[in-house]
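In: Model the structure of this input:
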Amino acid sequence: MKTRPVFPSASLPALLLLGGLLLSLNGCNNVGIPGRAAPSAAKEIGYGEQKGRGYTNAYFGMSAEMPEGWYIQDKEQNQELLELGGEALAGDDANMKRMLKATELQTVPLFATFEHPPGAPVPVNNSVISVAERVGGLPGINSGQDYLYHAKQLLLQASVGYKEVDQGTTTIGGRSFDTLTMHLDNGGSTIIQDYYSAIVRDYALCFVTTYVDDEGKAKCQQVLETVAFD
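Out: Residues are numbered from 1 along each chain as shown. The predicted structure is shown next:
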């Protein structure tokens, strides 16, 4: 029996919070030529390839290495996480459900790795998630910072109580990424999520790390340090 995907924390799934942001916030259900639905983003760029602990994606010329002992979700689990996250975020809002459903064609979950297996008795599962969303049809999105502006708006609108902490830039694999740090109160502890975004060709390429302390942050950073681009 296949294990169901695990959410990175008690918060809304980070994968969803990136995936589909632009279309849901802008009220669109197409990206590309007006009046025509864009083809599935997954068909255009692929999900990439996971071999053992190594991940590669030819479209982005990207590779990454998952830590020894960490749980790696497969493509089907990542896709299910995206869909379950949409249900969690939309709640009873039928209009948002429709919009988020439409965004699934534009969003590609690339990889997701967690320090502990699904269901482990831990307060938070340190994690690193990567996702890409097609933004080529949105001329106002020219940088990771533009994309993360929309991410921040959605996070602040969520009823769970996200708070913005910091914005900046960093380098991952020799490429510049814009960053956004958000905090979430989790009943006495603070869940920290760092969002990284860069525009690569027609896509926003993103990473999300989730942790609660400096030790967890360091573990997540070690994953990002393995990311390389051709």
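In: need the helix or strand of the protein with the lowest average pLDDT.
Out: Every helix and strand in the chain was compared by mean pLDDT, DSSP states H and E; the lowest is helix 21-26, with a mean of 42.
In: And His150, how far from Ile45?
Out: 20 Å (CB to CB, to the nearest Å). (C-beta placed from N, C-alpha, C; glycine too.)
In: for Cys220, same thing?
Out: Note on Cys220: its distance to Ile45, by CB to CB, is 24 Å.
In: Where does the prediction get shaky in the protein?
Out: Scanning the chain with the threshold set as pLDDT under 70 gives 1-39, 79, 81-105, 158-160.
In: now the helices for it?
Out: For the chain, helices defined by DSSP state H occupy the ranges 14-18, 21-26, 41-45, 75-90, 94-103, 144-157, 214-224.
In: okay, the third one in PDB with CA atoms only?
Out: Output of helix 41-45 as PDB, limited to C-alpha atoms (Å, rounded to 0.1, in the frame of the first residue of the first chain):
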ATOM      1  CA  ALA A  41       3.400  22.400 -17.800                       C
ATOM      2  CA  ALA A  42       4.400  18.800 -16.800                       C
ATOM      3  CA  LYS A  43       4.300  17.800 -20.400                       C
ATOM      4  CA  GLU A  44       6.400  20.800 -21.400                       C
ATOM      5  CA  ILE A  45       9.200  20.500 -18.800                       C
END
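In: List the contacts of it.
Out: Here helix 41-45 makes contact (CB atoms under 8 Å, 6 or more residues apart in numbering) with Asn57, Tyr59, Phe60, Leu105, Gln106, Thr107, Val108, Ala132, Glu133, Arg134, Tyr203.
In: which ones among these are found in strands?
Out: Of these, the ones assigned to strands by DSSP state E are Asn57, Thr107, Val108, Ala132, Glu133, Arg134, Tyr203.
In: Which single one of these is nearest to Gln167?
Out: Checking the ones in strands among the contacts of helix 41-45 against Gln167 with CB to CB, the nearest one is Glu133 at 19.1 Å.
In: surely that closest one meets Ile141?
Out: No: in this structure, Glu133 is not within contact of Ile141 by CB atoms under 8 Å, at 9.5 Å.
In: Dump the ones in strands among the contacts of helix 41-45 to JSON lines, plus neighbour count.
Out: As requested, the ones in strands among the contacts of helix 41-45 are exported to JSON lines (neighbours: other CB atoms under 10 Å):
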{"residue": "Asn57", "neighbour count": "21"}
{"residue": "Thr107", "neighbour count": "27"}
{"residue": "Val108", "neighbour count": "29"}
{"residue": "Ala132", "neighbour count": "29"}
{"residue": "Glu133", "neighbour count": "25"}
{"residue": "Arg134", "neighbour count": "25"}
{"residue": "Tyr203", "neighbour count": "23"}
